[in-house]
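Colleague: how does the following fold in three dimensions:
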Amino acid sequence: MQSNKRNRFSRFAGRVLVALLAAVALSSCERIFEDLDPCLHGVSLRFVYDYNMEYANAFPNQVDCLTLYIYDENDDYVDTRIVTGTELQDENYRMKLDLPDGKYHFVAYGGIACEKSSFTVNTSTKRTELRTRLNADCLSLPERKLLHDMFWGELTMETAESYNEGTVKMMKNTNGIRIVLQQVAGGIVKAEDFDFEITDDNTLFNYDNDLLPVADVTYTPWVKGQARTGSSVIVPEVAPEPIEVAYAELSVPRLMARNSPRLVVKRHADKATVIDIPLNKYLLLMQSDRYDMDDQEYLDRESRWTLFFFLKNNDGNDSWLNTCIVVNDWVVRINDVEL
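Modeller: Here you go, the predicted model:
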């Protein structure tokens, strides 16, 4: 009888000991056993680009290469990770990083590791010394004037066992601006008869994605052409006729509300100015009152712009009067804005 009690107690004590050992093994990833894989420790990062007017994640569709710089809590450089594969097109993509315990700063760039990248980042041992610059040949070589889209985002977070999950929010730093010229009374406007340009000081980005002043540069179109619309603007004294418009598209980096970029259109023959307007003021006219955002957020969220100029020929010699403009379907008179 006493022997049976001792056996039952021994079996119970054995089960308790096994349970305690299992609990210790499962509860700590700091313990290392020779016959077990090391426990996972670090971060799992998701990358999202929903800082747009649709408020929808466009990262898988728009970001074709990704560069991540890793800095410790003292802003000292740790490592770089580059991804250029098709995995970026997967909504469920996560970048898992095995890192020692601690807090880290992550700085992400989309578009700079691609073959056609338009920007260069100077890597630095300090996060606050990061600088991103537009490549000079993008201002001169015709095949480089269409800027490869560039994105930026950052995140500060700590590591954890089995990966701490975080989301890096990205924003777009490139804009497409399409200019269309059309005569009010119909007829043909030839693209070759006009020169288009935008001037701005926006070629150098600081570590926090703010722009650093350098000097004004001039952006010229990456494409020019003509298109027949198949419609006409009806003017009482002029019969409707087919319209052929001239267009040009320019690609520029981030637009800052505090800057004063200008859009200028000149006649090619004599360089006479046809249009000279403060670009930001016209772009901001399109912002609806339903959007609760300041000017800078709107300029950052919107990245594709169309400016449609209706020009009235004065005397048949390309001298224009009564100019009005449509900005992304918003119609204003050119005289309504302070130049």
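Colleague: any idea how far residue 264 is from the residue nearest to residue 94 when sequence neighbours are not counted?
Modeller: Using C-beta to C-beta, 6 or more residues apart in numbering and skipping the chain neighbours, the partner closest in space to residue 94 is residue 44 (4.9 Å). In this view, the C-beta of every residue, glycine as well, is placed from N, C-alpha and C. For residue 44, the distance to residue 264 equals 49 Å [C-beta to C-beta, to the nearest Å].
Colleague: burial measure for the residue nearest to residue 94, as a count.
Modeller: Other residues lying near residue 44 total 15 when counted by other C-beta atoms under 10 Å.
Colleague: what's opposite it in the beta bridge?
Modeller: Beta bridges link residue 44 to residue 96, residue 165 when assigned by DSSP bridges.
Colleague: would you check that it makes contact with residue 164?
Modeller: Yes: counting by C-beta atoms under 8 Å, residue 44 does reach residue 164; the two are 7.2 Å apart.
Colleague: average pLDDT for the particular helix or strand that has residue 280 in it?
Modeller: Assigned by DSSP states H and E, residue 280 falls within helix 279-284. If you average the pLDDT over helix 279-284, you get 92.
Colleague: how about the following helix or strand past it as PDB, C-alpha atoms only?
Modeller: Using DSSP H and E, the helix or strand that follows helix 279-284 in sequence is helix 295-301. C-alpha atoms of helix 295-301 as PDB (Å, rounded to 0.1, in the frame of the first residue of the first chain):
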ATOM      1  CA  ASP A 295      -1.700  73.100 -48.700                       C
ATOM      2  CA  GLN A 296       1.400  71.000 -48.200                       C
ATOM      3  CA  GLU A 297      -0.500  67.800 -47.600                       C
ATOM      4  CA  TYR A 298      -2.600  68.400 -50.700                       C
ATOM      5  CA  LEU A 299       0.500  69.000 -52.800                       C
ATOM      6  CA  ASP A 300       2.000  65.800 -51.400                       C
ATOM      7  CA  ARG A 301      -1.000  63.600 -51.800                       C
END
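Colleague: quick check: buried residues in helix 295-301?
Modeller: 295, 298, 299, 300, 301 (16 or more other C-beta atoms under 10 Å).
Colleague: state the number of residues packed around residue 274.
Modeller: Count around residue 274 with other C-beta under 10 Å applied: 19.
Colleague: check which helix or strand it maps to.
Modeller: Assigned by DSSP H and E, residue 274 falls in strand 273-278.
Colleague: now residue 143: phi and psi?
Modeller: Backbone geometry at residue 143, expressed as degrees, to the nearest 10, gives phi -80, psi -10.
Colleague: what about the helices in the protein?
Modeller: 2-27, 59-62, 279-284, 295-301 (DSSP state H).
Colleague: lowest average pLDDT across those?
Modeller: Here the lowest mean pLDDT among the helices of the chain goes to helix 2-27, at a mean of 48.
Colleague: who are the contact partners of residue 264?
Modeller: With contacts defined as C-beta atoms under 8 Å, 6 or more residues apart in numbering, the neighbours of residue 264 are 196, 197, 198, 199, 273, 275, 276.
Colleague: rerun that using 6 Å as the cut-off
Modeller: Contacts for residue 264 (C-beta atoms under 6 Å, 6 or more residues apart in numbering) come out as 197, 276.
Colleague: kindly report the same for residue 122.
Modeller: Applying C-beta under 6 Å, 6+ apart to residue 122 gives the contacts residue 131.
Colleague: for it, which residues make a bridge with it?
Modeller: In beta-bridge terms (that is, DSSP bridges), residue 122 pairs with residue 131.
Colleague: gap between it and residue 112?
Modeller: Noted for residue 122: a distance of 11 Å to residue 112, by C-beta to C-beta.
Colleague: check residue 41 too.
Modeller: In terms of C-beta to C-beta, residue 41 sits 29 Å off from residue 112.
Colleague: low-confidence ranges in the stretch 151-300 of the chain?
Modeller: Applying pLDDT under 70 to the stretch 151-300 of the chain flags the ranges 230-241.
Colleague: which parts of it are strands?
Modeller: In the stretch 151-300 of the chain, the strands defined using DSSP state E, counting those that start in this stretch lie at 151-158, 160-161, 164-172, 174-183, 187-188, 194-200, 204-205, 217-219, 223-228, 243-253, 262-267, 273-278.
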